[in-house]
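*Asks:* Sequence and predicted structure, then a few things I'm wondering about:
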Amino acid sequence: MEFILSRVNIVKLKADVLVIGIFKGQRYSGAVKSINDSLGNALKNISEEERFEGDLGKSLMLSRTLGKIGSKRVLMVGLGEKTEFSTNTLRKIGTLVTNKVKGLSSIIAFSSELFRGPGHISALTEGLLLGSYEFNKYKTNNSEGNEIEKVIFASKQVKAFTLKEETDFARLISESTNLARDLVNEPPVYLTPRKLAEVASQIAKDGGLNCEIFDYAEIERRGMNGLMAVSSGSEEPPRFIHLTYEPPRKSRRSIAIVGKGITFDSGGLCLKPPDSMRTMKMDMGGSAVVLGVMKAIAVLQPSVRVHGLIAASENMTGAKAYKPDDVIRAYNGKTIEVINTDAEGRIVLSDALCYAVELKVDEIVDLATLTGACMVGLGSYTAGVMGNNQTLIDKIRKASDSVGEKTWQLPMDDELRVEIKSNVADIKNAGSRMGGAITAAMFLENFVGDVPWAHIDIAGPAFLEKGSDWSPKGATGFGVRTIIQYITGK
Ligand code: BES
Ligand code: MG
Ligand code: ZN
């Protein structure tokens, strides 16, 4: 996709599809008015006929312009209420446009009312690039044809360097998100813990990051017993991955981003039923976010040291599999009674969180497809945020709001803590079903010491079987943009 500026009059501008934006109940003015006038009031007429009123998510295509304007078609997109307009609106518009022009056009143009402020071109571009994502590596016939080749921003005001800056940024963010999507969409036979480690070291190499990968022997030597236990039922060896970004000028602030990397979750001996086991290739969604973020951070060069940590393993049922009733001594010496082998994410994360604490970071943020309970509570489109530090939680929530990824805080209710009290060990790895997302977070809390920590349960939004208006089918890359925004934003 190529992005260019054009100062040609909007009426004369030649594109396959000219996109114009209409706020709810808005009267035509400026570019929209001149196009409508040139078309002999056609936009107004079909809007009335089709009851198109500018609602966000609604659009209307005028598919013939009969030579009255330069462009072949006009796509009117609803921008919704003017008072609710933000860059998130534009990101949605970008995605909607890719869906509407699929197969029709290689050249599209955006009319200037769609990009009037800083970040607008970037948001539209991000919407286009994220919206045109497809995972078709395994389809023999994968040419859907006619992709958008050229995107014209029709404006007399925008400067060339602004266009470049904003579209370059959008490209990087989208590539990082799409990388996370690819990793999650890959089948588990391909994306094993070893493969994940290979990808991580390639990202490190490309971005000039430091990379340490612990193999089975090193994991054992270090006493990462949680990761050992969970991987014991699999023929695939586990990996612990540690990428580090060092800022160009020494900085005292440091942060660890920790990802759950279960490349397939069968449930272990507490085997999942078939319907729940399907899609469990997504259980490394947190680790995919870590890699997407590290890729972007290497380019964006924020002035903070960033550690990307991943505990990668399969959760299988082999003869040596860990069992309910087992007791595991975690990295920090605490003992864990295994109640349910399907609550494996929190066990591998315990090692990774302890390791982050040893790095003496100022903050830890973990991302994990951790609990079905979180999806029951919040639905498939919203991630749950928990933690031990309200300031950090607020910052994460603010970052997610600003990039249009939906999050909601769940309470760490002290009365629920009894759920993970064990009779034989310090804690147990599962309580009752009630409040399952929260008790999972309370389990993790045992391994972060007093380091400010936020936990993002992405079980719902990491993977959407059917997709949605704004998200592709399958992996979404949810979390990549929030964390990049959190690390690089003000
Ligand atoms: N990977 C699952 C959580 C999950 C479920 C993610 C659905 C995405 C979609 C996790 O390992 C798991 O199985 N959790 C159990 C915990 C329970 C046994 C305490 C769950 O949520 O049922
Ligand atoms: Mg599980
Ligand atoms: Zn899992």
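*Replies:* Right, received. Where do you want to start? Ligands and ions are numbered 1, 2, ... in the order given.

*Asks:* quick one: pLDDT of the residue found closest to residue 388 once you drop the neighbours it is linked to in the chain?
*Replies:* Excluding the flanking residues, the one nearest residue 388 by CB to CB, 6 or more residues apart in numbering is residue 453, at 5.2 Å. Glycine gets a C-beta too; all of them are placed from N, C-alpha and C. If you check residue 453, the pLDDT there is 99.

*Asks:* where are the low-confidence patches of the stretch 1-150 of the chain?
*Replies:* Low-confidence segments of the stretch 1-150 of the chain (pLDDT under 70): 143-146.

*Asks:* measure residue 264 to residue 475 for me?
*Replies:* From residue 264 across to residue 475, the span is 14 Å (CB to CB, to the nearest Å).

*Asks:* circling back to that earlier point, surely the residue nearest to residue 388 meets residue 392?
*Replies:* Yes. Under the criterion of CB atoms under 8 Å, residue 453 makes contact with residue 392 at 7.2 Å.

*Asks:* quick one on the thing from earlier: who has more neighbours, residue 264 and residue 475?
*Replies:* For residue 264 versus residue 475, the count of surrounding residues by other CB atoms under 10 Å is larger for residue 475: 26 against 22.

*Asks:* For the more buried one, name its beta-bridge partners.
*Replies:* Counting by DSSP bridges, residue 475 is bridged to residue 463.

*Asks:* Return the distance of it relative to residue 444.
*Replies:* 23 Å.

*Asks:* Bridged to the closest residue to ligand 3 within the stretch 251-400 of the chain, which residues?
*Replies:* Using CB to the ion, the closest approach of the stretch 251-400 of the chain to ligand 3 is made by residue 265 at 3.7 Å. Under the criterion DSSP bridges, residue 265 forms beta bridges with residue 315.

*Asks:* right, and it touches residue 343 too?
*Replies:* No. With contacts counted by CB under 8 Å, residue 265 stays clear of residue 343, the gap being 10.3 Å.

*Asks:* Pull up the residues of the stretch 201-350 of the chain that are close to ligand 1.
*Replies:* Contacts of the stretch 201-350 of the chain with ligand 1, taken as CB under 6 Å from any ligand atom, map to 265, 283, 340, 342-345.

*Asks:* which among the residues you listed are in contact with ligand 2?
*Replies:* 265, 342, 344 (CB under 5 Å from the ion).

*Asks:* would CSV of these with distance to residue 97 and neighbour count be doable?
*Replies:* What follows is these, written out as CSV (distance: CB to CB, whole Å; neighbours: other CB atoms under 10 Å):
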residue, distance to residue 97, neighbour count
265, 36, 26
342, 41, 20
344, 41, 30
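
*Asks:* Go through the residues you listed and name the one nearest residue 226.
*Replies:* Using CB to CB, residue 344 is the member of those that sits closest to residue 226, with 8.8 Å.

*Asks:* Now do the phi/psi pair for the closest one.
*Replies:* In terms of degrees, to the nearest 10, the main-chain angles of residue 344 are phi -90, psi -30.

*Asks:* same check, this time on residue 299
*Replies:* Per-residue torsions, residue 299: phi -90, psi -40 (degrees, to the nearest 10).

*Asks:* That one contacts residue 209, correct?
*Replies:* No. Residue 299 lies out of contact with residue 209 (CB under 8 Å); the separation is 10.9 Å.

*Asks:* Those two: who's more crowded?
*Replies:* residue 209 (20 against 14).

*Asks:* which ones are touching residue 421?
*Replies:* For residue 421, the contacting residues are 427-428, by CB atoms under 8 Å, 6 or more residues apart in numbering.

*Asks:* what's the spacing between it and ligand 3?
*Replies:* In this view, residue 421 and ligand 3 are 23 Å apart by CB to the ion, to the nearest Å.

*Asks:* now swap in residue 151 and tell me
*Replies:* 40 Å.

*Asks:* Quickly list what that residue is bridged to.
*Replies:* Residues in beta-bridge contact with residue 151 (DSSP bridges): residue 3, residue 108.

*Asks:* circling back to that earlier point, shared neighbours, residue 453 and residue 392?
*Replies:* The contact sets of residue 453 and residue 392 overlap at 363, 365 (CB under 8 Å, 6+ apart).

*Asks:* Neighbour count: these two, which is higher?
*Replies:* Higher neighbour count among residue 453 and residue 392: residue 453, with 27 against 21, using other CB under 10 Å.

*Asks:* any idea where the strands of the stretch 101-250 of the chain begin and end?
*Replies:* Secondary structure of the stretch 101-250 of the chain (DSSP state E, counting those that start in this stretch): strands located at 107-110, 150-154, 210-214, 239-245.

*Asks:* Format these as a markdown table; extra columns: mean neighbour count and distance to residue 99.
*Replies:* As requested, the strands of the stretch 101-250 of the chain are exported to a markdown table (neighbours: other CB atoms under 10 Å; distance: least, CB to CB, whole Å):
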| stretch | mean neighbour count | distance to residue 99 |
| --- | --- | --- |
| strand 107-110 | 25 | 12 |
| strand 150-154 | 22 | 15 |
| strand 210-214 | 17 | 38 |
| strand 239-245 | 24 | 35 |
